[in-house]
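Colleague: Fold the following and give me the result.
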Amino acid sequence: MFRTIRTLTITLFAAVSLSSCSEIVGELILGTPLGGLAAPFLAPLVYLVLFTSYAPGADTGYSLRTEMTFGQREIYSADITIPDGYTFNGFDKYGVGARIGAYGFDFAGDDSIERYLPIYGLSHSLSYVDSNLNNTYEQDIEPKIEYIMSPGSTIWMRITAPYGGDANQTTATAQFSSKIAAGFRTGILTNPVMTGTHVVSGVITSIDPDNDNEDDNTGGAPIVLNAMTNVAIRNDTVFSSVLPLTRNLDFGTTSTHFASIFNNGSTTAMNCGISLSLPLPAHLSYTPTDPATNLPNGPADTPVNIPPGMSQSFVIGLTAQKEFLGANQRPFPDGEVEFLYQCDNLVTASTFPGINTLGLSYANTAQTDIIPIIAEPSGTGIFTIDPNSRTAAFAAAAVNIGAAGPQIIVKPRQSMPYDMLNLSICDTTGQAGGACIDPPTAMVTTAFGANETRTFTVFALAGEMQTPIMLDALKSRIFLDFNDDQDKLRGSSSVALKYEPAF
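Modeller: Model (predicted):
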């Protein structure tokens, strides 16, 4: 689904991300080339560029949908200037070697990804596109993305694509046509803390047609294009959530979830829908539902209007596509899946891991797939610690709707570190009155058979904690995670946390 363009930042990123193919520059960033040369670029038919958050002080990521056409000139490098006020959190935000972004190609034009390539962080200031899919940076042929600080402390990101990104010295233009999706995970940058308008600019350099490099100074010089756009930082008025938070499936099975979009604004949210933030070898569909019955009550993949102060529920489905490199199947990229919850006239809902994202894993055989449900005492979804006893507890049930597997470690987790808040858990499966089988501990290790349900109780003790935990359902939460013996997440759920001490 292609919508209104908000900024061109990802256009610049994508210029290098398309490492295994020729690159393009689109109509939004076509300016007058230096030296007055005519740029042999063809404007794509569609551009969609979005941040994953525009809220003050919020972590943000990027996404792009665009197209390239056979015969377009390749790009060698792009310098992106992100203004003061933004914070660069590092390409090692999720650990050295972690997947921090991705891009893909839709050759068929049906909004599905036929070729997926990940972006990995090498260090705080360096990342690369793994175009050879071997988890090794090959600097002579794979694009790199560098973080640079200019003398004025403005953030720069320099993207370099050897030989225009296709690693082929004999080509100077795109060799095929394709839709393109590209992006970086939420958290690589943090928005300015104040509302306002900021200017993002870029300088894009094409290859030298003599040798498919930046410039050999012997013939046709590269073409340099300049671009800029305004980015408005403003408060969220659209919020979203999704459940269950994780699925572990075998290929051929659709991962189903319930999502909600809430309009907290004063005007009707127009044409609200759901799409993938980052490219993924999977097909996404969404259908509006009746929240009372969870049954579909509208056409699939059709945006809806949401009145002010109201919400709309959806059922969403993700079906992984098998990709092959020759005779070898490419592993599905396990991990966090980010969505764009968009309305035409309001700011995109900010991305909050564990709230409106999901952990998704696909394999060739059935996996352990645990769906937990938390039942806190008030029934409101807010887990409130008693101010006098400074204690509280909630119950949880979890069913394994997948295959029996390894031992599962069940552990409560704070979304934010409260040093004097202690959490413990016990297994209550089959016990009268929800009694603990063993005394509560920091975690419980147990086995889940196929279709088996187990129950647990989680305890919270605030002790001498005097700092209140204000209700912030997006940030202050207690998660209940189910990990296997390889630390792979097999299930997760959460509840909002609140504590107002009596002293």
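Colleague: pLDDT below threshold where in this structure?
Modeller: 1-49, 64-66, 150-153, 209-211, 215-220, 227, 325, 503 (pLDDT under 70).
Colleague: Now do the SS call for Pro377.
Modeller: Following DSSP: H, G, I helix; E, B strand; the rest coil, we place Pro377 in the coil state.
Colleague: Same question for Pro417.
Modeller: With three-state DSSP as the criterion, Pro417 reads coil.
Colleague: That one and Thr357, how far apart?
Modeller: According to C-beta to C-beta, to the nearest Å, Pro417 stands 21 Å off from Thr357. Every C-beta, even on glycine, is put in place using the N, C-alpha and C of the backbone.
Colleague: now the helices for the chain?
Modeller: Remark: helices assigned in the chain by DSSP state H are 9-17.
Colleague: how's it carved up into domains?
Modeller: 9-233, 236-365, 368-503 (automatic domain parsing).
Colleague: Neighbour count for Pro417 and Thr357, which is higher?
Modeller: A direct count of neighbours by other C-beta atoms under 10 Å for Pro417 and Thr357 places Thr357 higher, at 22 against 6.
Colleague: how about the residue nearest the centre of the chain, what does it touch?
Modeller: By C-alpha atoms, centre = their mean, the mean C-alpha position of the chain lies nearest to Glu338, the distance being 3.1 Å. Listed by C-beta atoms under 8 Å, 6 or more residues apart in numbering, the contact partners of Glu338 are 52, 61, 185-186, 276-278, 351, 357.
Colleague: any idea which strand is longest in the protein?
Modeller: strand 178-190 (DSSP state E).
Colleague: what distance separates that one from the middle of the whole chain?
Modeller: Remark: strand 178-190 is offset 8 Å from the chain centroid, using C-alpha atoms, centre = their mean, to the nearest Å.
Colleague: repeat for stretch 156-176
Modeller: Relative to its chain's centre, stretch 156-176 lies at 26 Å (C-alpha atoms, centre = their mean).
Colleague: Flag every buried residue along it.
Modeller: Neighbour counts over stretch 156-176 (16 or more other C-beta atoms under 10 Å) mark 156-157, 159-168, 171-174 as buried.
Colleague: In strands, which of those residues fall?
Modeller: Those of the buried residues of stretch 156-176 lying in strands (DSSP E): 156-157, 159-160.
Colleague: ok, of those, which one's closest to Met68?
Modeller: Nearest to Met68 among those: Ile159, at 16.2 Å, using C-beta to C-beta.
Colleague: and that closest one, bridged to which residues?
Modeller: Counting by DSSP bridges, Ile159 forms beta bridges with Ala78, Ile145.
Colleague: these two touch, right, it and Tyr147?
Modeller: No. Assessed by C-beta atoms under 8 Å, Ile159 is found out of contact with Tyr147, at 10.8 Å.
Colleague: give me every residue that touches Met157.
Modeller: For Met157, the contacting residues are 13, 79-80, 82, 145-148, by C-beta under 8 Å, 6+ apart.
Colleague: Kindly give a single PyMOL line that selects the buried subset of these.
Modeller: Applied in PyMOL, the following selects the buried portion of the contacts of Met157 according to 16+ other C-beta under 10 Å:
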select buried, resi 13+79+80+82+145+146+147
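Colleague: partners of the longest strand of the chain, with directions?
Modeller: Strand 178-190 has these strand partners (DSSP bridges): strand 59-68 (antiparallel), strand 87-88 (antiparallel), strand 99-106 (antiparallel).
Colleague: Taking their axis directions, it and strand 155-160 sit at what angle?
Modeller: Strand 178-190 and strand 155-160 are oriented at 150 degrees to each other (axes from the mean of the first three to the mean of the last three C-alpha atoms, to 10 degrees).
Colleague: how far away is Phe394 from Ala55?
Modeller: As judged by C-beta to C-beta, Phe394 and Ala55 stand 29 Å apart.
Colleague: again, but for Phe314
Modeller: To Ala55, Phe314 is 22 Å away according to C-beta to C-beta.
Colleague: Comparing those two, which residue is more hemmed in?
Modeller: Each of Phe314 and Ala55 has its neighbours counted (other C-beta under 10 Å); Phe314 has more, 25 against 19.
Colleague: surely that one meets Thr289?
Modeller: Yes. Using C-beta under 8 Å, Phe314 is in contact with Thr289, at 6.1 Å.
Colleague: Which neighbours do those two have in common?
Modeller: Joint contacts of Phe314 and Thr289 (C-beta under 8 Å, 6+ apart) are Phe258.
Colleague: which residues sit in contact with Ala393?
Modeller: Counting by C-beta under 8 Å, 6+ apart, Ala393 touches 377, 457-460.
Colleague: now it: how far from Arg99?
Modeller: Ala393 sits 37 Å away from Arg99, going by C-beta to C-beta.
Colleague: try Ile469
Modeller: Distance from Ile469 to Arg99, by C-beta to C-beta: 32 Å.
Colleague: And for Phe51?
Modeller: For Phe51, the distance to Arg99 (C-beta to C-beta) stands at 19 Å.
Colleague: rewinding a little: quick one: which of the strands paired with strand 178-190 is nearest Ala259?
Modeller: Ala259 lies closest, by C-beta to C-beta, to one member of those: strand 59-68, at 17.4 Å.
Colleague: tell me how far that closest one is from the chain's mean position?
Modeller: That offset, for strand 59-68, works out to 11 Å (C-alpha atoms, centre = their mean).
Colleague: Also stretch 417-437?
Modeller: Counting by C-alpha atoms, centre = their mean, stretch 417-437 is centred 32 Å from the centre of its parent chain.
Colleague: distance between the ends of it?
Modeller: One end of stretch 417-437 sits 28 Å from the other (C-alpha to C-alpha, to the nearest Å).
Colleague: Pull out the buried positions in it.
Modeller: So for stretch 417-437, counting by 16+ other C-beta under 10 Å, buried means 418, 421-428, 436.
Colleague: The residues you listed into CSV, with extra columns for distance to Asn132?
Modeller: Formatted as CSV, the buried residues of stretch 417-437 follow (distance: C-beta to C-beta, whole Å):
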residue, distance to Asn132
Tyr418, 44
Leu421, 46
Asn422, 47
Leu423, 43
Ser424, 47
Ile425, 44
Cys426, 48
Asp427, 46
Thr428, 50
Cys436, 52
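Colleague: out of Phe51 and Arg99, which sits in the more crowded spot?
Modeller: Neighbours were counted for Phe51 and for Arg99 using other C-beta under 10 Å; Phe51 has more, 27 against 20.
Colleague: Does the more buried one touch Thr348 like I think?
Modeller: Yes. Between Phe51 and Thr348 there is a contact at 7.3 Å, judged by C-beta under 8 Å.
Colleague: Next up, the contacts around the residue lying closest to Val410 once chain neighbours are set aside.
Modeller: Once flanking residues are discounted, Val410 sits nearest to Val444: 4.6 Å by C-beta to C-beta, 6 or more residues apart in numbering. Residues near Val444 by C-beta under 8 Å, 6+ apart: 409-411, 425-427, 456.
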